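[1] have a look at this prediction, sequence included:
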Amino acid sequence: MVGRTWYVIAFTVASIAAAFLLPAVPQPLSYHDFADQRSFFGIPNFFDVTSNAAFLIAGVAGLIVTLDRRTVFAQQVERWPYAVFFVGVALTAFGSGYYHLAPDNERLVWDRLPMTIAFMSLISALIVDRISIRAGVALLVPLLLTGTASVFYWIATERAGAGNLVPYAVLQGYSVIAALLMAYLYPSRYTRGGDIYSVFVAYVSAKVLEGLDLPILELGHLVSGHTLKHLAAAMAAVFVLRMLNLRRLQVLADPPQVTLKSSS
């Protein structure tokens with residue numbers, strides 16, 4: 001396990017270096033110019049706003065499953081990274097909805113903060129499941145603080161007139177690639193470990209739909225790519241929910257380090 005861990009450590013160090021050394025890139029103002037700006041029932045950008053309800057549904061449902069004592073966790077402390085993940089997903093409904101009512105950099109902060117909570121807590125959960133319960137739980141708060149710092153650093157640089165989106169972008173990319181790296185290098189202590197790849201597919205689909213915002217709207221003027229992006233991203237959380245609901249504990253030849261005592 002030690003040899004495999006060095007791959008994760010090396011990738012982490014490289015990502016930190018990239019965040020500090022890559023040239024600064026400001027947030028393009030064109031980012032806020034979404035294709036579907038139709039209003040209904042007095043709500044501007046109606047579909048981009050209301051489609052965020054999918055995050056609330058997925059987040060609340062996931063939180064219920066995570067906190068249900070029938071959901072399989074070898075130790076009770078393992079629930080917390082997943083609980084924080086689903087809280088982040090649910091909060092994304094409010095943050096993204098608020099942003100899409102009147103998109104600008106200041107409101108984008110409240111869109112990105114809950115998403116960062118979800119990304120970082122999922123990394124913590126994967127460490128718990130696959131590498132070390134103690135390390136995963138111990139890293140939860142530092143990971144959340146790092147994610148939060150990347151968002152506040154970005155908006156602080158924008159307010160100073162020298163916007164730098166790079167640390168936030170690197171952190172988001174790091175969370176996705178690190179999750180895949182851990183899934184490939186370390187087997188889960190639970191069944192359904194391969195479901196993490198479905199989460200990745202949903203994430204990639206969301207990014208593709210985001211990039212095709214206008215072309216998708218132009219197909220029939222029914223729905224935009226960004227609206228569909230919200231639904232695809234919420235599906236990523238649904239896949240995590242499904243994994244937790246169906247998985248069972250399995251015996252591994254090289255299990256994660258178990259050093260925390262159960263609270264039950």
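    Structure's in. What do you need?

[2] and the helices in the stretch 101-250 of the chain?
    In the stretch 101-250 of the chain, the helices defined using DSSP state H, counting those that start in this stretch lie at 105-130, 133-159, 166-185, 196-211, 213-220, 225-246.

[3] any chance of the ones you listed in JSON lines, with mean neighbour count, distance to Arg79 and mean pLDDT too?
    No exception for glycine: its C-beta is placed from N, CA and C like everyone else's. Shown next, in JSON lines, are the helices of the stretch 101-250 of the chain (neighbours: other Cβ atoms under 10 Å; distance: least, Cβ to Cβ, whole Å; pLDDT from 0 to 100):
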{"stretch": "helix 105-130", "mean neighbour count": "22", "distance to Arg79": "9", "mean pLDDT": "96"}
{"stretch": "helix 133-159", "mean neighbour count": "18", "distance to Arg79": "10", "mean pLDDT": "95"}
{"stretch": "helix 166-185", "mean neighbour count": "18", "distance to Arg79": "19", "mean pLDDT": "91"}
{"stretch": "helix 196-211", "mean neighbour count": "17", "distance to Arg79": "18", "mean pLDDT": "95"}
{"stretch": "helix 213-220", "mean neighbour count": "14", "distance to Arg79": "36", "mean pLDDT": "94"}
{"stretch": "helix 225-246", "mean neighbour count": "22", "distance to Arg79": "9", "mean pLDDT": "97"}
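
[4] could those helices be laid out in a markdown table, adding distance to Ala35?
    Shown next, in a markdown table, are the helices of the stretch 101-250 of the chain (distance: least, Cβ to Cβ, whole Å):
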| stretch | distance to Ala35 |
| --- | --- |
| helix 105-130 | 17 |
| helix 133-159 | 23 |
| helix 166-185 | 22 |
| helix 196-211 | 11 |
| helix 213-220 | 4 |
| helix 225-246 | 7 |
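
[5] so where's the stretch 1-150 of the chain shaky on pLDDT?
    For the stretch 1-150 of the chain, the stretches with pLDDT under 70 are 1-3.

[6] just to revisit the earlier point, and of the helices of the stretch 101-250 of the chain, who's closest to Ser39?
    helix 225-246 (14.0 Å; Cβ to Cβ).

[7] ok and the closest one relative to helix 196-211, angle-wise?
    Angle between the axes of helix 225-246 and helix 196-211 is 170 degrees (criterion: axes from the mean of the first three to the mean of the last three Cα atoms, to 10 degrees).

[8] list the contacts of the nearest residue to Ile127 once chain neighbours are set aside.
    Leaving out its chain neighbours, the residue that sits closest to Ile127 by Cβ to Cβ, 6 or more residues apart in numbering is Gly136, at 3.4 Å. Shown in contact with Gly136 (Cβ atoms under 8 Å, 6 or more residues apart in numbering): Pro81, Ser124, Ala125, Leu126, Ile127, Val128, Asp129.

[9] how close does the spatially most central residue of the chain get to Tyr168?
    Ranked by distance to the mean C-alpha position of the chain (Cα atoms, centre = their mean), the top residue is Phe119 at 3.0 Å. Counting by Cβ to Cβ, to the nearest Å, the gap from Phe119 to Tyr168 is 10 Å.
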